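Undergrad: Structural data only, the sequence is not supplied:
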């Protein structure tokens, strides 16, 4: 926050970064409205590179003098632990009638996008099971259930920030 805001409402902040050894500053956001509070994620920066940052406050009177971040910042990918949100068909034991279709699905989240694996009784899923996975979810589908399809089905998601699993009994 600026020490003196001149009693004018702050519109937002302009963020600039500089590569070490460079004299040029690059604007990270195009307008102060893109950074209305004290949090901003700069994009298009090189992973592992260090940058210097400075910030301008913008209000009706214009742009302030820059405030410099005291230490350089080393860029690294954002990491978010995997999150596994079970759809209703996995929330409890899944009772299936012979000859009907089985669908098990879950919503997934995490940065980087987690890898997904499905297992039946800690082994491979049946050959006739099809698995569809996107960046936001995964679905296991088995047409025309037979008695041998019953068992414990486990979905596991994993990224560099962690690992999560969930199991449902198909009866």
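TA: Received it, and whenever you're ready, just let me know what you need. This structure is a prediction, so every number in the text was calculated from the model and none was measured. Residues are numbered from 1 along each chain as shown.
Undergrad: now the helix or strand containing residue 17: mean pLDDT?
TA: Assigned by DSSP states H and E, residue 17 belongs to strand 10-18. Per-region confidence: strand 10-18 scores 95 on mean pLDDT.
Undergrad: That strand pairs with which strands, and in what direction?
TA: Here strand 10-18 has these sheet partners by DSSP bridges: strand 26-27 (antiparallel), strand 50-59 (antiparallel).
Undergrad: who's in contact with it?
TA: 2, 24-29, 31-38, 40, 42, 45, 51-60, 63, 66 (C-beta atoms under 8 Å, 6 or more residues apart in numbering). Heads up, the C-betas are built off the backbone N, CA and C, glycines and all.
Undergrad: Please spell out the ChimeraX selection for the buried subset of the residues you listed.
TA: The buried residues among those can be selected in ChimeraX (16 or more other C-beta atoms under 10 Å) with this line:
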select :28,29,32,35,40,42,45,51,52,53,55,56,57,58,59
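Undergrad: rewinding a little: need the strands paired with strand 10-18 in JSON lines (columns: mean pLDDT and distance to residue 75).
TA: Listed next are these as JSON lines, based on pLDDT from 0 to 100; distance: least, C-beta to C-beta, whole Å:
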{"stretch": "strand 26-27", "mean pLDDT": "96", "distance to residue 75": "13"}
{"stretch": "strand 50-59", "mean pLDDT": "94", "distance to residue 75": "7"}
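Undergrad: any low-confidence regions in the protein?
TA: The model of the chain has pLDDT under 70 over residues 1-7.
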